[in-house]
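Student: I'd like to go over a predicted model; first the sequence, then the structure.
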Amino acid sequence: MLAVARGSSKTHYHLRHRILIIFGATAVFAVLCTLVVYLTERHAAGTEIHSLFDSFLFTASQLLTGSSVANPTTDLGKILELVFDLWAITVVASLAGSFGAFFHARSKEMNEEMAKERERAEALLHHHDAAGGPAAPPAR
């Protein structure tokens, strides 16, 4: 996790960048939706959303988990609830894809690093042999 936070390699940096975009977009979307839900639901008959906090709690739980702590009573509120569900599914799929891409790219990156290390070790061994050092052990 620290490597991702620091952006230790190109793949770590890309994962950090993707996560920041996903969470940043979700935060902005949550603020905007909190206001829309509040303005839509606060005076509706039978509503459970009476304050900005109620609206935020409903919006955040819907965006993050796809389930809510309140039920909207207006038609617009019900449509927004479906939009929130689609957002939550998209965020989960995006995060899964980002981590999948990270692990695939990181695996390739690590294989390349190991190949370079092997080449360096072989070059040092050949240089040592050419300089009259002890012979290399026989290959198996």
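Tutor: Nice, thanks for sending it over.
Student: The helix or strand hosting Thr11: what's the following helix or strand?
Tutor: Element membership for Thr11 (DSSP states H and E) is helix 10-41. Downstream of helix 10-41, the first helix or strand assigned by DSSP H and E is helix 52-65.
Student: Going by neighbour count, list what's buried in that next one.
Tutor: Neighbour-count burial for helix 52-65, counted by 16 or more other CB atoms under 10 Å, picks out 54-63. (Glycine included, C-beta is placed from N, CA and C.)
Student: Could you find the two of those that are most distant from each other?
Tutor: Asp54 and Leu63 (15.0 Å; CB to CB).
Student: circling back to that earlier point, which one of the buried residues of helix 52-65 sits closest to Ala70?
Tutor: Phe58 (4.5 Å).
Student: so who does the closest one touch?
Tutor: 37, 48-49, 68-70, 72 (CB atoms under 8 Å, 6 or more residues apart in numbering).
Student: what do you get if the cut-off is 10 Å, keeping everything else the same?
Tutor: Residues near Phe58 by CB atoms under 10 Å, 6 or more residues apart in numbering: 33-34, 37-38, 41, 48-49, 68-72, 77, 80-81, 84.
Student: how far off helix 10-41 does the longest helix anywhere in the chain point, in degrees?
Tutor: In the chain, with assignment by DSSP state H, the single longest helix is helix 75-130. Comparing the axes of helix 75-130 and helix 10-41 via axes from the mean of the first three to the mean of the last three CA atoms, to 10 degrees yields an angle of 170 degrees.
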